[in-house]
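> Based on what follows, work out the 3D shape:
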Amino acid sequence: MSRSPRGRGSARHTRRDMSHGPSQRQLRVGEALRHALAEVLRENEIRDSDLDGVSVTITQVKPSPDMRYATVYCEPLGGQNAKAIIAALNRHKGFLRGEMGHLITMKFTPDLRFVEDESFAEAQKIETILKSPEVQRDLAATHDDEEEEG
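Got it, this is the predicted structure:
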(Lines give C-alpha, C1' and ligand atoms only; values in the text may rest on other atoms or scores of the structure.)
Protein backbone atom coordinates (compact mmCIF):
# COMPACT_ATOMS: atom_id res chain seq x y z
CA MET A 1 0.00 0.00 0.00
CA SER A 2 1.60 3.25 -1.08
CA ARG A 3 1.00 6.48 0.72
CA SER A 4 1.20 10.04 -0.51
CA PRO A 5 4.17 12.15 0.63
CA ARG A 6 2.02 13.89 3.21
CA GLY A 7 0.76 10.65 4.66
CA ARG A 8 -2.90 11.67 4.44
CA GLY A 9 -4.10 9.36 1.68
CA SER A 10 -4.75 10.39 -1.88
CA ALA A 11 -4.84 14.05 -2.81
CA ARG A 12 -8.40 13.60 -3.98
CA HIS A 13 -9.61 13.02 -0.43
CA THR A 14 -7.69 15.79 1.32
CA ARG A 15 -9.34 18.99 2.41
CA ARG A 16 -9.02 21.66 -0.23
CA ASP A 17 -6.95 24.75 0.59
CA MET A 18 -9.40 27.66 0.14
CA SER A 19 -6.64 30.03 -1.00
CA HIS A 20 -6.79 28.31 -4.39
CA GLY A 21 -10.36 29.46 -4.97
CA PRO A 22 -13.42 27.44 -5.83
CA SER A 23 -13.18 24.03 -7.48
CA GLN A 24 -14.41 23.39 -11.01
CA ARG A 25 -17.39 21.58 -9.52
CA GLN A 26 -18.26 24.58 -7.33
CA LEU A 27 -18.06 26.88 -10.35
CA ARG A 28 -20.21 24.56 -12.47
CA VAL A 29 -22.82 24.08 -9.72
CA GLY A 30 -22.83 27.81 -8.95
CA GLU A 31 -23.59 28.63 -12.56
CA ALA A 32 -26.37 26.01 -12.72
CA LEU A 33 -27.87 27.42 -9.52
CA ARG A 34 -27.66 30.97 -10.90
CA HIS A 35 -29.55 30.00 -14.05
CA ALA A 36 -32.19 28.05 -12.09
CA LEU A 37 -32.72 30.89 -9.61
CA ALA A 38 -32.99 33.47 -12.40
CA GLU A 39 -35.67 31.33 -14.04
CA VAL A 40 -37.57 30.90 -10.76
CA LEU A 41 -37.51 34.67 -10.15
CA ARG A 42 -38.62 35.35 -13.72
CA GLU A 43 -41.50 32.85 -13.78
CA ASN A 44 -42.87 32.97 -10.24
CA GLU A 45 -44.67 35.82 -8.59
CA ILE A 46 -43.66 36.23 -4.98
CA ARG A 47 -46.30 38.06 -3.01
CA ASP A 48 -44.22 40.60 -1.14
CA SER A 49 -44.64 44.36 -1.32
CA ASP A 50 -40.84 44.84 -1.35
CA LEU A 51 -40.56 42.70 -4.49
CA ASP A 52 -43.56 44.04 -6.45
CA GLY A 53 -42.45 45.20 -9.88
CA VAL A 54 -38.77 44.76 -9.02
CA SER A 55 -36.30 43.21 -11.44
CA VAL A 56 -33.38 41.49 -9.70
CA THR A 57 -30.13 40.47 -11.36
CA ILE A 58 -28.42 37.36 -9.97
CA THR A 59 -24.75 38.12 -10.64
CA GLN A 60 -23.12 35.12 -8.99
CA VAL A 61 -23.88 32.09 -6.84
CA LYS A 62 -21.07 30.68 -4.71
CA PRO A 63 -21.78 27.24 -3.28
CA SER A 64 -19.89 26.05 -0.20
CA PRO A 65 -17.35 23.25 -0.76
CA ASP A 66 -19.84 20.65 0.53
CA MET A 67 -22.63 22.14 -1.68
CA ARG A 68 -25.00 22.43 1.30
CA TYR A 69 -25.10 26.24 1.28
CA ALA A 70 -24.93 28.85 -1.45
CA THR A 71 -24.34 32.58 -1.23
CA VAL A 72 -26.36 34.41 -3.89
CA TYR A 73 -25.00 37.79 -5.00
CA CYS A 74 -27.75 39.91 -6.48
CA GLU A 75 -28.47 43.47 -7.44
CA PRO A 76 -31.87 45.09 -8.04
CA LEU A 77 -32.16 46.86 -11.37
CA GLY A 78 -31.08 50.44 -10.81
CA GLY A 79 -29.71 49.60 -7.36
CA GLN A 80 -32.69 51.21 -5.60
CA ASN A 81 -33.91 49.85 -2.23
CA ALA A 82 -31.29 47.10 -2.30
CA LYS A 83 -31.36 46.42 1.46
CA ALA A 84 -35.16 45.93 1.53
CA ILE A 85 -35.09 43.74 -1.58
CA ILE A 86 -32.27 41.54 -0.24
CA ALA A 87 -34.17 41.18 3.06
CA ALA A 88 -37.32 40.17 1.14
CA LEU A 89 -35.42 37.56 -0.88
CA ASN A 90 -33.99 36.14 2.36
CA ARG A 91 -37.54 35.95 3.79
CA HIS A 92 -38.62 33.86 0.79
CA LYS A 93 -35.49 31.74 0.44
CA GLY A 94 -37.33 28.55 1.44
CA PHE A 95 -39.86 28.99 -1.36
CA LEU A 96 -37.11 29.85 -3.86
CA ARG A 97 -35.06 26.84 -2.79
CA GLY A 98 -38.07 24.55 -3.26
CA GLU A 99 -38.79 25.91 -6.74
CA MET A 100 -35.12 25.58 -7.73
CA GLY A 101 -35.21 21.94 -6.62
CA HIS A 102 -37.59 21.19 -9.50
CA LEU A 103 -35.16 22.66 -12.05
CA ILE A 104 -31.78 21.23 -11.03
CA THR A 105 -30.53 17.67 -10.91
CA MET A 106 -28.60 17.57 -7.67
CA LYS A 107 -28.84 15.24 -4.70
CA PHE A 108 -30.08 18.17 -2.62
CA THR A 109 -30.72 21.85 -3.17
CA PRO A 110 -28.43 24.12 -1.13
CA ASP A 111 -29.71 26.52 1.51
CA LEU A 112 -29.61 30.03 0.06
CA ARG A 113 -28.28 33.24 1.56
CA PHE A 114 -28.87 36.43 -0.42
CA VAL A 115 -26.39 39.30 -0.24
CA GLU A 116 -26.07 42.52 -2.20
CA ASP A 117 -23.46 42.46 -4.94
CA GLU A 118 -21.49 45.59 -4.21
CA SER A 119 -19.11 45.22 -7.16
CA PHE A 120 -21.24 47.60 -9.27
CA ALA A 121 -20.99 50.31 -6.60
CA GLU A 122 -17.24 49.72 -6.28
CA ALA A 123 -16.78 49.97 -10.05
CA GLN A 124 -18.74 53.23 -10.06
CA LYS A 125 -16.54 54.63 -7.25
CA ILE A 126 -13.40 53.73 -9.18
CA GLU A 127 -14.82 55.27 -12.37
CA THR A 128 -15.62 58.48 -10.48
CA ILE A 129 -12.10 58.63 -9.05
CA LEU A 130 -10.50 58.04 -12.46
CA LYS A 131 -12.56 60.85 -13.99
CA SER A 132 -11.77 63.31 -11.20
CA PRO A 133 -9.83 66.45 -12.19
CA GLU A 134 -6.91 65.55 -9.90
CA VAL A 135 -6.35 62.16 -11.54
CA GLN A 136 -6.81 63.60 -15.03
CA ARG A 137 -4.20 66.27 -14.22
CA ASP A 138 -1.74 63.62 -12.98
CA LEU A 139 -2.32 61.47 -16.04
CA ALA A 140 -1.75 64.42 -18.35
CA ALA A 141 1.49 65.29 -16.51
CA THR A 142 2.74 61.69 -16.84
CA HIS A 143 1.85 61.66 -20.54
CA ASP A 144 3.73 64.95 -21.08
CA ASP A 145 6.83 63.54 -19.30
CA GLU A 146 6.82 60.48 -21.57
CA GLU A 147 6.66 62.63 -24.72
CA GLU A 148 9.65 64.72 -23.58
CA GLU A 149 11.74 61.55 -23.00
CA GLY A 150 10.73 59.84 -26.29
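> what about residue 51, how many neighbours?
Other residues near residue 51 number 19, with proximity taken as other CB atoms under 10 Å. C-beta here means a position set from N, CA and C on the backbone, and glycine is covered the same way.
> is it true that it touches residue 88?
Yes. Residue 51 lies in contact with residue 88 (CB atoms under 8 Å); the separation is 5.0 Å.
> hey, where'd the strands end up in this structure?
Here the chain has its strands, by DSSP state E, at 56-63, 69-76, 111-116.
> Go through those and name the closest to residue 124.
Proximity to residue 124 (CB to CB) singles out strand 69-76 among these, at 11.8 Å.
> Sheet partners, orientation included, of that closest one?
strand 56-63 (antiparallel), strand 111-116 (parallel) (DSSP bridges).
> In JSON lines, list the strands of the chain along with distance to residue 23 and mean neighbour count.
Listed next are the strands of the chain as JSON lines, based on distance: least, CB to CB, whole Å; neighbours: other CB atoms under 10 Å:
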{"stretch": "strand 56-63", "distance to residue 23": "10", "mean neighbour count": "19"}
{"stretch": "strand 69-76", "distance to residue 23": "14", "mean neighbour count": "20"}
{"stretch": "strand 111-116", "distance to residue 23": "19", "mean neighbour count": "17"}
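> Before I go, just wanted to say thanks for your time.
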